[in-house]
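K.L.:
coords below, sequence missing:
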């Protein structure tokens, strides 16, 4: 997928998942603080199921889309392999929500394995390319393997709010960096892309990568704050409602 | 053992162990879910003992077989070293099932050390060889060290179903990749092997490695499903039998 | 900041934090041994708040100072990025001391992320420079990533005295090594700096780095001893005072 | 210390510590199994104190010995640095056995730091040397950093029999490999040492390293067996003695 769309599509997918999680996990954490076990909530369970289904459908579409490209080459097959690892991950997400008694943590394990497969293929992806191209692809490995290690840890420490924060920011980072790669190598407004041999460009993009990560942390903090006001506000409203009821 | 058989034999051995575990661990997990402590079951204890004995016998055969090769060289001795580490591992597997009070986890520790010794020798094995040869041997290190780290973790987290799954898939991956190396470098139907200088071949085999791993995960899932139907079916039959008995 | 001051200022900052912690953590540990829960002490909570505020103010000053340099270049922006990660860390330090119900360990996580961002930018900082320059900058990575990993562990093992000791020595090491780099590359008494091509210089500075770390350990031990005599002495005085009171 | 003695002396020291531990830890483990808390035994506490004192004295001797060498060069100072890290470790071993309330695990932490300092200096030790020399020095890093990581884990998992086994074998491996390096580079019977450019020599020594480790494991197993017969035999004798006493 050596064009802008080929980088923008996975970028938007990972960004969307990251944004969803940056709202979902603050809700989960703050509800549990208020002694409401959200994981038994019917709507929350539907959301988890929908996430798994969404993962399966989008990755199946990705695999099918690859079949309609006129020249099916090795790169198309490599992308299909990555997608298939996520199909398996999505199927386990769905199965674990059914009463089959699958071991807890299996969904996080399959996610970490899908990320490891992606990172493994990415690692050998950009060999024999110009320096700048190699550099921005290798920076991506930090986001991919960071997410993979975090998911693997969650097999043993489930529902840890810090690990959920780290995983969310790693997905946001991966998504926004995919878009950055697209803009650098295949600018959508045409033109030849950035000068790949300039060392200043490499240093500038290295700094950009830090800002993508800091931006991901800031987005999580903003969404946490919004959810906080909403949940605490709702609770205070309920309390004053109860107080009013008890008065009358 | 620079021929097809030299790679097919260890490949089949690791595959056989992996397939055995892909049936054994789902049985163990599902029986424990039904509140049946399988580790106190007499037949299960015999199986564990047999595994240790099988490991000792096959590796001793491997060491002896190396003595009958006309030209005993450094490579033969290197393979003997690997085998001996597994002999030690097998002996500890046998001893730990006897009431000697050995510290729990010693069997997993010795397995991880045997895998570390294998990986250590493998790492220096393929230096000074063509690029493709080096690449497919270095991919093997992922399966070997992955299995070693997983076994080391099991010293501290024994009977964790996800770690048992990971260890099983790492053994299946190692076995099937040994066969793959044999087919690539020494095709059993004769011929000169693959073109070792073509970069496309390296990329294709990198993708293949992912599929070997995905295949190992799928085999485990299939075996788990078969065991699941059998165990749950058996339990339901017993229940309906009890119900029928209580009726009459 | 390619001059002595540019290395001396961050060096003094990290040294000051390290010295502060080398007094604070022995006090905390020894008070808890005497069954006094210091973390509920009003003065201790003020100190924690002040630390967060100090972090925010010094790093904001660092960012602003960068704006007054005539030629704002990429390096200035890179330093601003590092500072901003510490601003975020300091803000979380302040917020976590307020009754907002933030997840415990978030302050340690943000500190580890700030250190990871610093180490990430440092890693690409000294490419394309002379051998000695590269070497002493790469040694710094041990102090930075050592501190980052230690802080990340503290997310899961809070208030562990050994981890607090390790984090303190890593900060002392980073601070004193910043000063060492300044003295080696830009001697404040003028002159051309050390001969960058002499291999003996590289080996000598490698040994120096060990002594900086041993010195950090010794400073912690000395401060621990002083705090020990003070806390135990105070306790014995109180006891004898109580004994005297009970006599009269 | 570029001679045979310079490698034989540290080799014998690490071997002696390893052999001592290969007897001490089986005794400790088997006594605890018999419900005898050996760590409160007076003789055991003396042994721990003696270990610390022995460490301090041998390393102080090592530092002093370096001062009497006519040409004091950078290498002498580097060795002095390594020794000093072990002096600190020995002092903490002594202090932790006194009732000062030092945090548990501090002795293991200081041991891991001494090993990290040794490994750090070893890593830059053999640059700019022939291939074989570099290779056998870099293999040593496995023993040093293996021991350092194991000791660091013991800060958090104290008295774990598997970690004590691993630490003991890493010390035995380091000791016997020091002797091997001495025999390879400076044969005590004179002669020019091994051919440093022969690739076969490198492969042979790589295999040797595996056998040194397997030998360390076997030594531990033999000592464990001897201690086992002694402890169990002693217990049975005591039991029959009690039975005889109760009869009369």
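P.N.:
Done, it's in. Nothing here was measured: the structure is a model prediction, and the numbers come from that model.
K.L.:
Which residue, other than its chain neighbours, is closest to residue A:34?
P.N.:
Nearest residue to residue A:34 in three dimensions, chain neighbours excluded: residue A:235, at 6.1 Å (Cβ to Cβ, 6 or more residues apart in numbering or on different chains). Every residue, glycine included, has its C-beta placed from N, CA and C.
K.L.:
go on, residue A:97?
P.N.:
Computed as Cβ to Cβ, 6+ apart, the closest residue to residue A:97 that is not its neighbour in sequence is residue A:49, at 5.1 Å.
K.L.:
Tell me which residue of chain A lies closest to chain B.
P.N.:
As assessed by Cβ to the nearest Cβ, chain B sits closest to residue A:103 within chain A, at 4.1 Å.
K.L.:
who touches that residue in this structure?
P.N.:
Residue A:103 makes contacts with B:29, B:161, B:162, as judged by Cβ atoms under 8 Å, 6 or more residues apart in numbering or on different chains.
K.L.:
now residue A:45
P.N.:
Contacts for residue A:45 (Cβ under 8 Å, 6+ apart) come out as A:39, A:97.
K.L.:
State the distance from the nearest residue to residue A:3 once chain neighbours are set aside to residue C:187.
P.N.:
The spatially closest residue to residue A:3, leaving aside those adjacent along the chain, is residue A:186, at 5.3 Å (Cβ to Cβ, 6+ apart). Plainly put, residue A:186 is 48 Å away from residue C:187 if you go by Cβ to Cβ, to the nearest Å.
K.L.:
Below-threshold pLDDT in chain A: ranges please.
P.N.:
For chain A, the stretches flagged by pLDDT under 70 are A:1, A:70-72, A:241-248.
K.L.:
got a list of what the closest residue to chain C within it touches?
P.N.:
Using Cβ to the nearest Cβ, the closest approach of chain A to chain C is made by residue A:161 at 4.1 Å. With contact set as Cβ under 8 Å, 6+ apart, residue A:161 has these partners: A:25, A:29, C:103.
K.L.:
where does the residue nearest to residue A:3 fall, phi/psi-wise?
P.N.:
Residue A:186 has phi and psi values of phi -130, psi 70 when expressed as degrees, to the nearest 10.
K.L.:
Surely it and residue A:133 touch.
P.N.:
No. Counting by Cβ atoms under 8 Å, residue A:186 does not reach residue A:133; the two are 11.0 Å apart.
K.L.:
Is the host helix or strand of residue A:110 in proximity to chain B?
P.N.:
Using DSSP states H and E, residue A:110 sits within helix A:106-123. Yes. Using Cβ under 8 Å from any Cβ of the partner chain, helix A:106-123 reaches chain B at A:106, A:109, A:113, A:117, A:120, A:121.
K.L.:
filter those down to the ones close to chain D.
P.N.:
Among those, not one lies near chain D by Cβ under 8 Å from any Cβ.
K.L.:
Put together TSV for those, with distance to residue C:68 and neighbour count on each row.
P.N.:
What follows is the residues of helix A:106-123 next to chain B, written out as TSV (distance: Cβ to Cβ, whole Å; neighbours: other Cβ atoms under 10 Å in any protein chain shown):
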residue	distance to residue C:68	neighbour count
A:106	56	17
A:109	52	23
A:113	51	24
A:117	49	25
A:120	47	24
A:121	47	20
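K.L.:
could the residues you listed go into CSV alongside distance to residue B:179?
P.N.:
Output for the residues of helix A:106-123 next to chain B, formatted as CSV (distance: Cβ to Cβ, whole Å):
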residue, distance to residue B:179
A:106, 28
A:109, 26
A:113, 22
A:117, 20
A:120, 20
A:121, 22
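K.L.:
Most widely separated two among these?
P.N.:
For the residues of helix A:106-123 next to chain B, the farthest-apart pair by Cβ to Cβ is A:106 and A:121; their separation is 22.8 Å.
K.L.:
Now the phi/psi pair for the most centrally placed residue in chain A, please.
P.N.:
Against the mean C-alpha coordinate of chain A, by Cα atoms, centre = their mean, the closest residue is residue A:171 at 3.0 Å. For residue A:171, the backbone dihedrals are phi -70, psi -40 (criterion: degrees, to the nearest 10).
K.L.:
which residues touch it?
P.N.:
Residue A:171 makes contact with A:14, A:15, A:17, A:18, A:21, A:147, according to Cβ under 8 Å, 6+ apart.
K.L.:
From these, pick the one nearest chain D.
P.N.:
Of all the contacts of residue A:171, residue A:147 has the smallest distance to chain D: 24.8 Å, by Cβ to the nearest Cβ.
K.L.:
How about the contacts made by that closest one?
P.N.:
Taking Cβ under 8 Å, 6+ apart, one finds A:112, A:115, A:167, A:170, A:171, A:174 in contact with residue A:147.
K.L.:
The fourth one: neighbour count?
P.N.:
This points to residue A:170. Residue A:170: 25 surrounding residues under other Cβ atoms under 10 Å in any protein chain shown.
K.L.:
That one: what's it in contact with?
P.N.:
Applying Cβ under 8 Å, 6+ apart to residue A:170 gives the contacts A:143, A:146, A:147, A:150.
K.L.:
One more: the second one?
P.N.:
Applying Cβ under 8 Å, 6+ apart to residue A:115 gives the contacts A:144, A:145, A:147, A:148, A:151.
K.L.:
Many thanks, we can stop here.
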